[in-house]
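Asks: Got a predicted structure plus its sequence, pasted below:
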Amino acid sequence: MGDEWVLWSNGDSWKEMRRFALTNLRDFGMGKRASEDKITEECQYLVEGFKKFKGQAFDTTKPINCAVSNIICSIVYGSRFEYNDPEFTSMLNRLNRNGKILGSPMDDMFPSLFKWTADRKEFCKLTDDSRKQNLGIFNQIKETLNPQMCKGFVDAFLVRKKMLEESGITNSHFHDDNLMLTVMNLFAAGTETTSTTLRWALLFMTKYPKIQDEVQEELRRVIGDRQVQVADRKNLPFTDAVIHETQRLSSILPAGLPHKTTRDITFHGHFIKKGTTVFPLLTSVLHDPDEWERPHSFYPAHFLDKEKKFVKRDAFIPFSAGRRVCLGEGLARMELFLFFATLMQHFRFTPAPGVSEDELDLTPSVGITLSPSPHKLCAVSRM
Ligand code: HEM
């Protein structure tokens, strides 16, 4: 990844922005109740979106992207979008295309050559369009800004910026560039990852109908027809194990995000010079044959003990670990659980007519994340 695209930043600016994002995301959505309400509300829109296909085969990408993205939009901007709003769809289309470009081997491994490619030009144009669109949204937010009633992250940032300016502080990290960078990073980091994981989960359920049966049976027995809640998770060990196994096997960010060493270091006997770019290969842990009984199969029992109770595994690190661990882990886990369980309650997922379960292809398509190859599924209503 070219240096200037590194997610977030380093040093004091990173520290301050990460702290502010965590506090405010907690206030506007990552706090358990607020985000649960937002996701629950969005679950209903997603179910309606799926119902529109009346059991016919369709590509799940768009409705899932919209639902997931709406959670981050309501936290960041303070409101959600309709799935067919052109402002929203253009935002998502640019994000998807840039995800593909950023995941190309050229960008990841040869950033200096990437600078000269046509993809790079397209990437810059799309990023510029997103910036302009965000500027428009920020201006609208500024017009109605009420410091006593912040609706989302952007409001809170603008209020803090104004407060610092009024007290004469001119060199703070709360400037327009950091607002733009943070909002674009939250939007990118919070959409494609969770949405791709959900699409893998539905594909696995379609390919392995007996596992789908077991999830639906557990949901029927424990929840019935009512809306599933985060508090139900502890009573749904099989469903929880299926979600964890989806994240483990799909390993959507196989090489994590690149980091630079801040000093010379010897790691496992290898000397690494200060300033070296390091890729933490998450897949080497998520698929490690010394850690997992069936590293390359979809095997939810990895996360169940003999009594079929859920068990945590140390080698489960799809969100990475350490100081730079995914900032949105809590939110992502909540989204995955509520969206997945709700979809399982409402629909039976089957392959498109004429396609057998065996024919469903699990070869990933390479982009900034590893996503399922293009495919269609039928969502047959169960309620
Ligand atoms: C299934 C969903 C997700 C997965 C698998 C995932 C995974 C990751 C990984 C592996 C990293 C890199 C950590 C490192 O640098 O070592 C990361 C960073 C990050 N993620 Fe996530 N993520 C997910 C969802 C989200 C969501 C919903 C948000 C939105 C709030 C988010 C925001 C971020 C941010 C801001 C960073 C950069 C943190 C920093 O550098 O301080 N992620 N994520």
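Replies: Ah, there it is.

Asks: Assess the claim that Leu327 and Met17 are in contact.
Replies: No. Look at Leu327 against Met17 with CB atoms under 8 Å: they stay out of range, at 9.8 Å. (C-beta placed from N, C-alpha, C; glycine too.)

Asks: near the ligand, which residues of the stretch 51-200 of the chain?
Replies: With the criterion set to CB under 6 Å from any ligand atom, the stretch 51-200 of the chain comes near the ligand through 72, 185-186, 189-190, 193-194, 197.

Asks: Would you state the strands of the stretch 1-150 of the chain in chain order?
Replies: Secondary structure of the stretch 1-150 of the chain by DSSP state E, counting those that start in this stretch: the strands cover 57-58.

Asks: where does it dip in pLDDT?
Replies: For the stretch 1-150 of the chain, the stretches with pLDDT under 70 are 1-10, 26-33, 104-118.

Asks: Swap in 50 and give it another go.
Replies: 1-7, 30 (pLDDT under 50).

Asks: can you pull out the helices in it?
Replies: With helices called from DSSP state H, counting those that start in this stretch, the stretch 1-150 of the chain shows them at 11-25, 32-51, 61-76, 86-102, 105-109, 111-114, 118-143.

Asks: right, so of these, which gets closest to Val215?
Replies: Smallest distance to Val215 across the helices of the stretch 1-150 of the chain (CB to CB): 16.0 Å, for helix 32-51.

Asks: Buried residues, the closest one. List them.
Replies: Under the neighbour-count criterion of 16 or more other CB atoms under 10 Å, helix 32-51 has 34-36, 38-40, 42-43, 45-47, 49-50 buried.

Asks: just the angle between the top helix by length along the chain and helix 61-76, please?
Replies: Ordering each helix of the chain by length in residues (DSSP state H) puts helix 176-207 first. Counting by axes from the mean of the first three to the mean of the last three CA atoms, to 10 degrees, helix 176-207 lies at 140 degrees to helix 61-76.

Asks: Over in the stretch 251-383 of the chain, which residue gets nearest the ligand? Let me know.
Replies: Gly328 (2.2 Å; CB to the nearest ligand atom).

Asks: could you list every residue that touches that residue?
Replies: 25, 30, 186, 189-190, 193 (CB atoms under 8 Å, 6 or more residues apart in numbering).

Asks: still on that earlier bit, can you tell me which of the buried residues of helix 32-51 is closest to the ligand?
Replies: Relative to the ligand, the closest of these is Ser35; by CB to the nearest ligand atom it sits at 10.0 Å.

Asks: Can you give me the distance of the closest one to Ile71?
Replies: From Ser35 across to Ile71, the span is 7 Å (CB to CB, to the nearest Å).

Asks: same check, this time on Pro300
Replies: Taking CB to CB as the measure, Pro300 falls 25 Å from Ile71.

Asks: Then Gln345?
Replies: Distance from Gln345 to Ile71, by CB to CB: 19 Å.

Asks: out of the two, which sits in the more crowded spot?
Replies: Neighbour count, other CB atoms under 10 Å: between Gln345 and Ile71, Ile71 has more, with 26 against 21.

Asks: give me every residue that touches the more buried one.
Replies: Ile71 is in contact with 29, 35, 38-39, 42, 190, 331, 335, counting by CB under 8 Å, 6+ apart.

Asks: possible to save those residues as CSV with distance to Asp240?
Replies: CSV is the format used below for these (distance: CB to CB, whole Å):
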residue, distance to Asp240
Gly29, 22
Ser35, 18
Lys38, 21
Ile39, 16
Glu42, 20
Gly190, 21
Leu331, 17
Glu335, 14
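
Asks: so is Ser365 in a helix, a strand, or just coil?
Replies: strand (DSSP: H, G, I helix; E, B strand; the rest coil).

Asks: Can you give me the distance of it to Leu202?
Replies: 15 Å.

Asks: Likewise for Glu329?
Replies: Plainly put, Glu329 is 21 Å away from Leu202 if you go by CB to CB.

Asks: More neighbours: the two, which one.
Replies: Between Glu329 and Leu202, counting by other CB under 10 Å, Leu202 is the more crowded of the two (24 against 13).

Asks: hang on, that one packs against Thr61?
Replies: No. The criterion here is CB under 8 Å, and Leu202 misses it with Thr61 at 10.7 Å.

Asks: mind listing what the nearest residue to Ala315 once chain neighbours are set aside touches?
Replies: Of all residues not flanking Ala315 in the chain, Glu291 sits nearest, at 3.9 Å (CB to CB, 6 or more residues apart in numbering). Listed by CB under 8 Å, 6+ apart, the contact set of Glu291 reads 285, 313-315.

Asks: Please name the residues that touch Val311.
Replies: By CB under 8 Å, 6+ apart, Val311 lies in contact with 303-305.

Asks: just the buried members of these?
Replies: 303-304.

Asks: Tell me which entries of the contacts of Val311 lie within strands.
Replies: Assigned to strands by DSSP state E, none of the contacts of Val311 qualify.

Asks: nearest to Lys142, of the contacts of Val311?
Replies: Among the contacts of Val311, Phe303 lies closest to Lys142 (CB to CB), at 46.5 Å.

Asks: Model confidence at the closest one, what's the number?
Replies: Among the per-residue scores, Phe303 shows a pLDDT of 98.

Asks: Go ahead and confirm it touches Thr246.
Replies: No. Between Phe303 and Thr246 there is no contact, the gap being 10.6 Å when judged by CB under 8 Å.

Asks: State the pLDDT value of His346.
Replies: Residue-level confidence at His346 comes out at 98, pLDDT.
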